[in-house]
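Undergrad: how would this look folded up:
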Amino acid sequence: MSKGRPLGKKLTTVVVYKKPTGKKHSMLITEEEVDNIINSRKRNPIIPDSYEIVEIGVGKYFIEKYKKEFNIK
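TA: Numbers count the residues shown, from 1 in each chain. I've put the predicted structure just below:
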């Protein structure tokens with residue numbers, strides 16, 4: 001018998017970040033868990049440590065919300 005959350009439908013994670021030299025916001029849409037995105041000790045992080053993570057949201061709702069809020073096309 002397995003423990004923890006049952007495997008099934010993956011949740012959509014939306015991340016808004018800025019590069020260290022820029023002012024423009026970028027968006028990353030992935031099915032990775034939030035802990036894997038935030039973890040700075042991973043060998044190959046999804047978002048490099050030098051980038052600034054502005055917002056993180058779980059769910060498809062945040063895609064449209066962050067596009068409007070940060071003027072991302």
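
Undergrad: going forward, measure contacts between C-alpha atoms and count neighbours the same way
TA: Will do.

Undergrad: can you tell me the strand partners of the helix or strand S26 falls within and which way each runs?
TA: Here S26, judged by DSSP states H and E, is contained in strand 25-30. Strand pairing for strand 25-30, determined by DSSP bridges: strand 13-18 (antiparallel).

Undergrad: beyond the helix or strand hosting V54, next helix or strand please.
TA: Using DSSP H and E, V54 sits within strand 52-58. The helix or strand immediately downstream of strand 52-58 is helix 61-70, counting by DSSP H and E.

Undergrad: elements contacting that next one?
TA: strand 13-18 (3 or more CA pairs under 8 Å, 6 or more residues apart in numbering; DSSP states H and E).

Undergrad: in the chain, what helix or strand scores lowest on average pLDDT?
TA: Every helix and strand of the chain was ranked by mean pLDDT, DSSP states H and E. The lowest is helix 34-38, at a mean of 90.

Undergrad: can you report how many residues neighbour V54?
TA: 12 (other CA atoms under 10 Å).

Undergrad: thought it was touching Y17?
TA: Yes - between V54 and Y17 there is a contact under CA atoms under 8 Å: 5.2 Å.

Undergrad: quick check, central residue of this protein?
TA: V15 (2.9 Å; CA atoms, centre = their mean).

Undergrad: show me what contacts that residue?
TA: For V15, the contact set (CA atoms under 8 Å, 6 or more residues apart in numbering) comprises 27-29, 53-57.
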